[in-house]
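I'd like to go over a predicted model; first the sequence, then the structure.
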Amino acid sequence: MGWYSEVRPLGHPAKDQPIDNWTTNRMALYVAAQSLWDTDVRFSDLLSDWAAVIYGPAAPAMVNYHNLLEKAWQKAPNTTYFLRPAKKFAQSFVAADWVCRAKAYLEEAQKAASGIPENKKRSRVYEQILLEEKMLNNWIEFNPVKCK
């Protein structure tokens, strides 16, 4: 497991951004904080805990989703995009096989979330799933993929 500490301060730069850096790194920040308390903790346990709290009954699908993205990220050549255009990086990273599976996991998670009886909880879970979908779509935009 690795983590880059370069996270811009919240609200900087001042211009509006579609998804801020703190939001996109929210799970990594959680994992880093938990790991500071227990250096023997396993990532799989942290991911399961994160998913249970954030996604409720959609957690199993979202654990699969995050594991899928982690594997794709690990397989990507040169997993840094520092001083590298995001579009070029996406062309080596975004592949149809995992994108289609990722979308299927997001759909599965949305179906699981639809069973949450309390509107406020269901809305919060949907919001988090849709945020993940939005971040995935940001990558796909650079290298469009069609799923059957």
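That came through fine. Residues are numbered from 1 along each chain as shown.

Do you have the helices of the protein handy? List them.
All helices of the chain, identified by DSSP state H, fall at 21-24, 26-37, 43-55, 59-75, 86-93, 96-113, 119-142.

Go through these and name the closest to residue 148.
Among the helices of the chain, the nearest to residue 148 by Cβ to Cβ is helix 96-113 (7.3 Å). From N, CA and C alone the C-beta is placed, and that goes for glycine too.

hmm, who's touching the closest one?
55-58, 60-62, 64-65, 68-69, 71-72, 122, 125-126, 129, 132-133, 136, 140, 145-148 (Cβ atoms under 8 Å, 6 or more residues apart in numbering).

May I see the buried residues of it?
By 16 or more other Cβ atoms under 10 Å, the buried positions in helix 96-113 come out as 98-99, 101-103, 105-106, 108-110, 112-113.

go on, stretch 23-39?
Neighbour-count burial for stretch 23-39 [16+ other Cβ under 10 Å]: 24-25, 30-32.

quick one: low-confidence parts of this protein?
1-22, 78-84 (pLDDT under 70).

how much space between the residue of the chain positioned farthest from its centre and residue 57?
Most distant residue from the mean C-alpha position of the chain: residue 117, 25.1 Å away (Cα atoms, centre = their mean). With distances taken as Cβ to Cβ, to the nearest Å, residue 117 is found 10 Å from residue 57.
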